[in-house]
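sequence? don't have it. structure:
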């Protein structure tokens, strides 16, 4: 072997070693790449993550109503997470007063509910109660004041019972109206019955009985 061939072989040896090392590294990474591909890595298929569970206080979402001393109604509005955002009162005379609530907190532990309602001046009113289906019965630690045009409505300290507004009002009315309107349609008036019978009967007593909405007299089997 001459010097040229010996030098070439010497150069090829480290190159082959590097190639073998690279091949071994790629081979070792194949299981990891396959795992990532199967789990949807890189935007491929795979099931989307489950949506987060709603907070426990979400059971309060919506409107809850309570009566006022003058016969009016106060509506407590909670957002989708069950956080109190507004209280609106409508008096018996139709006047409106509101209290916008910022940074309130709601805690629901089983059937036990605690609402912490910040007030002006850095104060706080706490409601504690028990949830029973669509009823929330409890008490306030201090009075709440709602303001309107030349109007102040006070929700007093002490017992407070709220009832959830499910929006079901009017369903029964609509059903009843539809049923009442539909009933009787297609039933002819007595006069219409008489007019219909003129063409097929000539018996005067029969025509009169139909016009009076009475059962027509029985005809003899032999009559035409």
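Alright, I've got the coordinates. Bear in mind that the values here come from a model prediction, so they are computed numbers and not experimental data.

how much space between the closest residue to residue 54 other than its chain neighbours and residue 61?
Nearest residue to residue 54, sequence neighbours excluded (Cβ to Cβ, 6 or more residues apart in numbering): residue 81, at 7.4 Å. For the C-beta atoms, the positions are set from N, CA and C on the backbone; glycine is no exception. Relative to residue 61, residue 81 is positioned 7 Å away (Cβ to Cβ, to the nearest Å).

so which of the two has more stuff around it?
Shown here are residue 81 and residue 61; by other Cβ atoms under 10 Å, residue 61 has more neighbours (17 against 13).

hang on, that one packs against residue 79?
Yes. Using Cβ atoms under 8 Å, residue 61 makes contact with residue 79 at a distance of 6.6 Å.

quick one: residues contacting residue 67.
Under the criterion of Cβ atoms under 8 Å, 6 or more residues apart in numbering, the contact list for residue 67 reads 73, 74.

show me the strands in this protein, by range?
Listed in chain order, the strands found in the chain under DSSP state E are 62-67, 73-78, 84-90, 96-100, 105-109, 112-118, 124-132, 135-140, 144-148, 151-155, 158-165.

the ones you listed: which one's closest to residue 14?
Judged by Cβ to Cβ, the one of the strands of the chain that comes nearest to residue 14 is strand 105-109, at 69.0 Å.

out of the strands of the chain, flag the one nearest residue 23.
Sorting the strands of the chain by Cβ to Cβ, the top spot, which is the nearest, belongs to strand 105-109 at 60.3 Å.

gap between residue 132 and residue 61?
Here the distance between residue 132 and residue 61 works out to 17 Å (Cβ to Cβ).

for residue 17, that is, sorry about that
The gap separating residue 17 from residue 61 is 68 Å, by Cβ to Cβ.

how about residue 147?
Residue 147 sits 25 Å away from residue 61, taking Cβ to Cβ as the criterion.

do residue 85 as well
Separation of residue 85 from residue 61 (Cβ to Cβ): 11 Å.

same question, residue 158
Distance of residue 158 to residue 61, computed by Cβ to Cβ: 26 Å.

and residue 14, by the same measure?
To residue 61, residue 14 is 71 Å away according to Cβ to Cβ.

now do the same contact list for residue 124.
Contact analysis of residue 124 by Cβ under 8 Å, 6+ apart lists 116, 117, 118.
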